[in-house]
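1. A predicted structure for the sequence below; I have some questions about it.
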Amino acid sequence: MTDIEVPGPEPDWQPATQPPYYTGKNPAYQCSVWEHHAPLFQMIGGLALPVYPVAQRLRLHVERSWDGLDDLDVVLFRLKGFSFAISKHDGNPLGVSFVWLTQPHEQADKALDTLLEVVGIGEDVVAFRGDAHEDPAERTDTAHEAGSLDDVADVTLPTSPWARFRRALGMTQ
């Protein structure tokens, strides 16, 4: 086979994974596998702990990925008839891991309860139930949500993705 040489990137091209996307000279924009699939998932709650303890309990391998916010840890697995994903962004100022169903299901509360039972953790670890992007009044509150999540003192720029996330959770700066 003939050696074909591909030229290197142009000097003024930004990395294809670097936001803000589509604003630089690079004609390519790279999506992560997580970024591609997560919009199809159903968020069912948040846990006030990292991904690793849950993964260790279930002997799962934690994958590193990234998306438009930042790097993240994620595990995808099946458990008692439910297909789960648990993700946590490195820059999440609340320290919350999101729990997702990879296929929407009408029994989201049952799925989260199943996860809690099998992992051996209680309701006190649940930061919220439902989708963090929905109106907080429409979500099922937990005792934990009324506690330490309101005490978060991290300050972020109002236009940052994390500030928008905190507003979605009903948090103030």
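-> Here it is on my side, so go on.

2. What segments of this structure are strands?
-> Assigned by DSSP state E, the strands in the chain fall at 42-47, 63-66, 71-79, 82-89, 97-101, 126-129.

3. Mind checking these for the one nearest to I4?
-> I4 lies closest to strand 63-66 among the strands of the chain, at 30.0 Å (C-beta to C-beta). The way it works is simple: take the backbone N, C-alpha and C, and place the C-beta from them, glycine included.

4. That closest one - contacts with which helices or strands?
-> On a contact count with 3 or more C-beta pairs under 8 Å, 6 or more residues apart in numbering; DSSP states H and E, strand 63-66 meets helix 33-37, strand 71-79.

5. between the last one and strand 82-89, how many degrees?
-> Read that as strand 71-79. Angle between the axes of strand 71-79 and strand 82-89 is 170 degrees (criterion: axes from the mean of the first three to the mean of the last three C-alpha atoms, to 10 degrees).

6. So what's the residue count around F98?
-> Neighbourhood size, F98 [other C-beta atoms under 10 Å]: 24.

7. And for V62?
-> Counted with other C-beta under 10 Å, the neighbours of V62 add up to 15.

8. Tell me, what's the model's pLDDT at it?
-> Among the per-residue scores, V62 holds a pLDDT of 96.

9. contacting residues around it?
-> 51-52, 55, 73-75 (C-beta atoms under 8 Å, 6 or more residues apart in numbering).

10. could those residues go into TSV alongside pLDDT and neighbour count?
-> Formatted as TSV, the contacts of V62 follow (pLDDT from 0 to 100; neighbours: other C-beta atoms under 10 Å):
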residue	pLDDT	neighbour count
V51	95	21
Y52	96	15
A55	96	19
D73	95	18
V74	95	24
V75	95	19
